[in-house]
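Chemist: Build the 3D model from these lines:
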Amino acid sequence: MKIVVLDGYAMNPGDLSWDGLQRLGDVVIYDRSSEKEVLERAKGAEIVLTNKVSLPAQIIESLPELKYIGVMATGYNIIDMDCARKRGIVVTNVPGYSTPSVVQLTFSLLLELCYRTQRHSDAVTGGKWTASPDFCFWDYPLTELSGKTLGIIGFGSIGQKVADVGAALGMSVLAYSRTKTDQSHRKNFKWATEQADLLAQADIVSLHCPLTPQTENLINVSSLAIMKPSAVIINTSRGGLVDASALANALNEDRISGAGIDVLPIEPPPAGNPLFNAKNCLITPHIAWATKESRIRLLDVVVGNIKSFLDGQSVNVIGS
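Modeler: Numbers count the residues shown, from 1 in each chain. Predicted coordinates:
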């Protein structure tokens, strides 16, 4: 069985082993594949694995041997699902593998905005503490999270873990989701009736929802106008949830206090992204998922998904 990996480098830049996958068939691994290279590289493959390389209908229809597409990530908008269904091709993804890592980066961004740890460290090594007339100094406002309201939009596994950490830090949690499950076991927790209510009340707004036509640009000129000037936005979910120009303007005009962003609508981003020069905006290059521990889990599930498919008992099938 021929298995082709179209873009393996992001998941495994060399610090993981492909042995588990290679035991399942004749495996060809490409670090990266351009749009023009996909068809030629995937020819003859019964199984194709992709992280971010798109498989549109015209490609899927040109691969008669294809029986299985494995998305080496959670989001699957890169696959033409209608075409795959018509062809009877099984499509799987890997849900939940990165939850601990995403939660950690969410609070890493938030705590950096609260304490400016790196900038203060740079000031110390630059001699500013040595020259200080006092036993301490700080160049930026310092913020304590205890007592603040953490607003979470999207309350799946990641949103719930973010709520757990926020509660442990003494924060009140206000959540908004299309589906409201029983959360009576949580202290200092409330469901927001409307998304606008959450935006108006929250000191920190953390985004953990999928990108859909309904959620695209949910942080926009109108939603930013509802928020407190002291509020902070954290986005470790999908870049398209935030209107970058609207957020940059709000930051530069002090209509919002800060932002921590791990994802952008176009990745890699063009040089002119307005958030690059926005005030009090931290941007990391889509790394929330990328700890070694997270990538090990990801690869293990990718291999497990294929094993289950070969055994006739597919798991993590999209749309099942």
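Chemist: now the strands for the stretch 151-300 of the chain?
Modeler: Taking DSSP state E, counting those that start in this stretch as the test, the strands found in the stretch 151-300 of the chain are 172-176, 189-191, 204-207, 232-235, 258-261, 281-283.
Chemist: and of the ones you listed, who's closest to Trp129?
Modeler: Trp129 sits nearest to strand 281-283 of all those, at 23.0 Å, using Cβ to Cβ. C-betas here are computed from N, CA, C, even on glycine.
Chemist: elements contacting the closest one?
Modeler: Under the contact criterion of 3 or more Cβ pairs under 8 Å, 6 or more residues apart in numbering; DSSP states H and E, strand 281-283 touches helix 99-115, helix 244-252, strand 258-261.
Chemist: What segments of the stretch 151-300 of the chain are helices?
Modeler: Per DSSP state H, counting those that start in this stretch, the stretch 151-300 of the chain carries helices over the ranges 157-168, 195-201, 221-226, 244-252, 292-310.
Chemist: could I get those helices as JSON lines with mean pLDDT?
Modeler: Output for these, formatted as JSON lines (pLDDT from 0 to 100):
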{"stretch": "helix 157-168", "mean pLDDT": "97"}
{"stretch": "helix 195-201", "mean pLDDT": "97"}
{"stretch": "helix 221-226", "mean pLDDT": "98"}
{"stretch": "helix 244-252", "mean pLDDT": "98"}
{"stretch": "helix 292-310", "mean pLDDT": "98"}
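Chemist: follow-up on the earlier one: in CSV, list the strands of the stretch 151-300 of the chain along with distance to Leu24.
Modeler: Shown next, in CSV, are the strands of the stretch 151-300 of the chain (distance: least, Cβ to Cβ, whole Å):
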stretch, distance to Leu24
strand 172-176, 40
strand 189-191, 44
strand 204-207, 36
strand 232-235, 36
strand 258-261, 38
strand 281-283, 38
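Chemist: Around the spatially closest residue to Glu293 that is not a sequence neighbour, count how many other residues there are.
Modeler: Among residues not flanking Glu293 along the chain, Ser101 sits closest, at 7.1 Å (Cβ to Cβ, 6 or more residues apart in numbering). Residue crowding around Ser101 was assessed by other Cβ atoms under 10 Å; the count is 21.
Chemist: Any figure for the gap between Ser101 and Ser54?
Modeler: 25 Å (Cβ to Cβ, to the nearest Å).
Chemist: Next, the most far-flung residue of the chain relative to its centre: secondary structure please.
Modeler: Distance from the C-alpha centroid of the chain peaks at Pro133, with 43.7 Å (Cα atoms, centre = their mean). Recorded secondary structure, Pro133: coil (DSSP: H, G, I helix; E, B strand; the rest coil).
Chemist: Now it. Its backbone dihedrals?
Modeler: phi -80, psi -10 (degrees, to the nearest 10).
Chemist: try Cys136
Modeler: phi -150, psi 170.
Chemist: contacting residues for the residue nearest to it when sequence neighbours are not counted?
Modeler: Counting by Cβ to Cβ, 6+ apart, Cys136 lies nearest to Trp129, which is 8.0 Å off, once chain neighbours are set aside. With contact set as Cβ atoms under 8 Å, 6 or more residues apart in numbering, Trp129 has these partners: Ala123, Cys136, Phe137.
Chemist: So what does the residue nearest the centre of the chain look like in phi/psi?
Modeler: Nearest residue to the geometric centre of the chain (Cα atoms, centre = their mean): Ser237, 3.5 Å. Recorded main-chain torsions at Ser237 are phi -100, psi -90, according to degrees, to the nearest 10.
Chemist: For the residue lying closest to it once chain neighbours are set aside, report the pLDDT, please.
Modeler: For Ser237, ignoring the flanking residues on the chain, the nearest one in space by Cβ to Cβ, 6+ apart is Leu207 at 4.6 Å. As predicted, Leu207 sits at a pLDDT of 98.
Chemist: Now for Leu207, how many residues are close by?
Modeler: Neighbour count for Leu207, taken as other Cβ under 10 Å: 24.
Chemist: What's the separation between it and Ala175?
Modeler: Taken as Cβ to Cβ, the span from Leu207 to Ala175 is 12 Å.
Chemist: what residues do those two have in common as contacts?
Modeler: Going by Cβ under 8 Å, 6+ apart, residues that sit against Leu207 and also against Ala175 are Ile153.
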